[in-house]
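> coordinates for the following, if possible.
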Amino acid sequence: MQRLKHLRWLSSHVISRRVNGVKCFGSSLFGVKQHQFFLSRAMASGGVTSKSNEKRNRLSKELSPYLLQHASNPVDWYPWGQEAFDKSKVENKLIFLSVGYSTCHWCHVMERESFENEEIGRILNENFVSIKVDREERPDVDRVYMTFIQATVGGGGWPMSVWLTPELKPLFGGTYFPPDDRYYGRPGFKTVLTSLAEQWKTKGPVLKEQSSVILRTLQEGTSASEAQGQSLPDLKDCTEKLYYQLERSFDQEDGGFSKEPKFPQPVNFNFLFRLYAKYKDSFSDMANSSLEMATFTLNKMAKGGIFDHISKGFHRYSTDAVWHVPHFEKMLYDQGQLLFSYAEAYQITKQDNFAEVVRDIAEYTMRDLLNPCGGFYSAEDADSLPTAESPEKKEGAFCVWTYQQIQDILKEKVKDNLSLAQIFCYHFNIKEKGNVDPMQDPHDELLNQNVLIVKDSVEETAQKFSLNPVEVKDVLEKCRTLLYKERQNRPRPHLDDKIVAAWNGLMISGLSKAGQALGESLFVDQAVKTASFLQSHMYDKTSSTLYRTSYVEKDSISTGSSPIEGFVDDYAYVIRGLLDLYEVCQDEQWVQWAEELQERQNGLFWDSEGGAYFSNSGRDASIVLRLKDDQDGAEPCPNSVSVSNLVRLGALLNNQDYTEKAVTILKVFYERLTKIPIAIPEMVCGLILLQDTPKQIVLVGDPNSDDLTALKNCVAKHYLPNKITITCDGTSDKFMKAKLEFLNSLTKKDGKATAYVCENYTCDLPVTSVADLERVLKVNP
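Next up is the predicted model:
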């Protein structure tokens, strides 16, 4: 984009400098290649396992697991706040801002190499005010300075390292810095620190002016507003352009939409499934291709090493093109979104393998990430100790296996000379010298280790050993059980037990969709418990304020002495979760709460002049840049999610203002949608929902009656992405009937539960049988 080019030009001319003879431009000593290095699998060792508790800095008083990890560093860390800002101004020192999260592998590496180093600690303490931020607690801080890094470097990542003036204006930055100049031919952290400290002392006023120019350029370049007289993007053009952009990037051999590294990208699946539903009866080639790209990728992922075949759940991303060797951390936001994607895949195809993955993700999250009160924890780390006696952690140690370990654990015979181990090793591609490509393991952390990956089908494995497929399935399940039991004897990875509202919203969506698609009440019940947890522990009803995080403190849940108020993604994701939950449980209290949250989101974040939502409320003076997210990443863009939320709520509550806000967002991001829709697939889903007009399926009947249940099950089992289901059974419909007057005129016919399919509050003739309802909905039985 032009604004980024301008800022890169500005940075290269305004902040050009030399560090020990190495010329540096903009915000990174390493340029664009630094980001590429950060995402590669140049795995350094995960760090020592114990830290001295003799020195405890002020981070020891924080609740964030990430900040607590740094509480024993020799660095005089401050949390983000006025105390640090004041010190910077009084002592006229640059701020060194370090942003990361507790399960970030490279954050651990930089801590071990630099932040635990006494000499580096002394340099930081003498010359800078050092601030540590958990990006999951404070995404507003992270967004501002990551925007700076991305605009000037061309990429980003964590740990993020940025130097700020006392006025919090960015001056210089990057991601991971090696400790000294010996590594990778790049200036090390100590070199950068000493050079910047010297320049600040000798050229402070000049650097201040440069930082002001940078901030002004960022403010101008990141603004987004609705153009006067702007029309809506054309639906056909947007959907076709996005389809062809995805088709061009699709990996025909291994699935996915990029070269290595490969990320799950659930927003792409959301779009492709909706495109399939939209065009399956008219443009069948495009529809079938959309479905094939999505399901092929989901199958490849489920067979790959990115999926944990023993403990279940998905790792963050694959470092290679074949989904084999992952970055081993597990994030809640991935589990919630992929739970939703695999449930939709099952809903469309009715293929049991997708249902199995749904159950596996749900099992993992409800077993390993669930707080007894109902909220889900944030993540599990990539690094852990190989054994209790090991001096250092290694990435993937909890998950990988040697050939001999498999032989010892699975030595039981299946028949004659055939062991469990033989079948398991064949099916999961286990090799005597390990199955990890050395190019994916330059530091030999995975030497002689195996990352499980399925190459052949169960049927092919059965044929190999002259067994039937049922026998092989039973054998593999027995093997997984034995290996899971053995794995529990290993030191576990660090668990980030911070509870994030936004990510729990994604889990509510995933569990609701899973319960709906598979017809399993266990998942719906958990979605209800999680929604209730958020309402009880992370919501102030008096002010209608959602809180960003809560923590486990002395066996109870706390939001801390100074709760962090929710950001736009917290509101958007939780609202979506509540609407998905209502779809499956039909308890109108969740629509009521969604409306309360939507009103609060509008009040806090809506740009009344330019349209669309800011990412923060603007009430915190320390946030120097107010941004509007315009790109789907690991998590969907809140503006994207909000389009669908507003359309759904508008139809549910007969609220035209919500629908108009959805239209405005689409107009604000017109250029994005029409030129590079691949940046915001989730918003294209919202455009489809808006322009195809949601169908209101109203079910009228007696509570818990068999005929009403049959109609509910009919609606639930079919993939109908533009539906809004409303049940009127006399028990939980007063709120909805007050909002939608036409509901009061809909009654049972012939004493039977009755379905009405409506559009814009005008209904087709009522039907009372499942067969007739499927006919009206134009779906196959």
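> use CA for all of it now, contacts and neighbours both
Fine.
> can you show me the helices along the stretch 651-781 of the chain?
656-668, 670-675, 681-692, 706-717, 734-739, 770-777 (DSSP state H, counting those that start in this stretch).
> any idea how far residue 309 is from the residue nearest to residue 588 when sequence neighbours are not counted?
Computed as Cα to Cα, 6 or more residues apart in numbering, the closest residue to residue 588 that is not its neighbour in sequence is residue 732, at 5.9 Å. Going from residue 732 to residue 309 by Cα to Cα, to the nearest Å gives 41 Å.
> okay, the two: which has more neighbours?
Between residue 732 and residue 309, counted using other Cα atoms under 10 Å, residue 309 has the larger neighbour count: 22 against 15.
> am I right that that one is in contact with residue 452?
Yes - the criterion here is Cα atoms under 8 Å, and residue 309 meets it with residue 452 at 6.9 Å.
> could you count how many residues lie near residue 514?
Neighbours of residue 514 using other Cα under 10 Å come to 30.
> give me the element it is part of.
Residue 514 belongs to helix 501-518 when assigned by DSSP states H and E.
> now the angle from that helix to helix 706-717?
In terms of direction (axes from the mean of the first three to the mean of the last three Cα atoms, to 10 degrees), helix 501-518 departs from helix 706-717 by 120 degrees.
> what about the chain, any weak spots by pLDDT?
For the chain, applying pLDDT under 70 flags the ranges 1-55, 184.
> quick check: longest helix of it.
Ranked by residue count, the top helix of the chain under DSSP state H comes out as helix 189-221.
> distance from the chain centre to that one, please.
33 Å (Cα atoms, centre = their mean, to the nearest Å).
> what helices and strands are in contact with that helix?
helix 2-14, strand 17-19, helix 118-127, strand 170-174 (3 or more Cα pairs under 8 Å, 6 or more residues apart in numbering; DSSP states H and E).
> try 6 Å
Applying 3 or more Cα pairs under 6 Å, 6 or more residues apart in numbering; DSSP states H and E, one finds that helix 189-221 makes contact with no other helix or strand.
> use 460 as the first number for this chain going forward.
Fine by me, first position is 460 from now on; the one you just mentioned is helix 648-680.
> okay, the next helix or strand after that helix in PDB with CA atoms only?
Sequence-wise, the next helix or strand downstream of helix 648-680 (DSSP H and E) is helix 694-708. Taking Å, rounded to 0.1, in the frame of the first residue of the first chain, the C-alpha atoms of helix 694-708 are listed here in PDB:
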ATOM      1  CA  LEU A 694     -20.800  -9.200  -4.300                       C
ATOM      2  CA  LYS A 695     -20.000 -11.200  -7.400                       C
ATOM      3  CA  ASP A 696     -16.800  -9.400  -8.100                       C
ATOM      4  CA  CYS A 697     -15.500  -9.700  -4.500                       C
ATOM      5  CA  THR A 698     -16.300 -13.400  -4.200                       C
ATOM      6  CA  GLU A 699     -14.900 -14.300  -7.500                       C
ATOM      7  CA  LYS A 700     -11.700 -12.300  -7.000                       C
ATOM      8  CA  LEU A 701     -11.100 -13.900  -3.600                       C
ATOM      9  CA  TYR A 702     -11.800 -17.300  -5.000                       C
ATOM     10  CA  TYR A 703      -9.200 -16.900  -7.700                       C
ATOM     11  CA  GLN A 704      -6.700 -15.400  -5.300                       C
ATOM     12  CA  LEU A 705      -7.000 -18.400  -3.100                       C
ATOM     13  CA  GLU A 706      -7.000 -20.800  -6.100                       C
ATOM     14  CA  ARG A 707      -3.700 -19.300  -7.300                       C
ATOM     15  CA  SER A 708      -2.100 -19.700  -3.900                       C
END
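> off-centre distance for stretch 1126-1146?
Distance, centroid of stretch 1126-1146 to centroid of chain: 19 Å (Cα atoms, centre = their mean).
> what's next to it, contact-wise?
Residues outside stretch 1126-1146 that contact it (Cα atoms under 6 Å, 6 or more residues apart in numbering): 684-685, 691-692, 697, 701, 726, 730, 1090-1091, 1099, 1102-1103.
> neighbour-wise, which one of these leads?
Within the contacts of stretch 1126-1146, most neighbours by other Cα under 10 Å means residue 1102, with 29 neighbours.
> helix, strand or coil for that one?
Secondary structure state of residue 1102, per DSSP: H, G, I helix; E, B strand; the rest coil, is helix.
> quickly note the distance from the closest residue in space to it that isn't next to it in sequence to residue 1100.
Among residues not flanking residue 1102 along the chain, residue 1121 sits closest, at 4.7 Å (Cα to Cα, 6+ apart). Using Cα to Cα, one gets 10 Å for the distance from residue 1121 to residue 1100.
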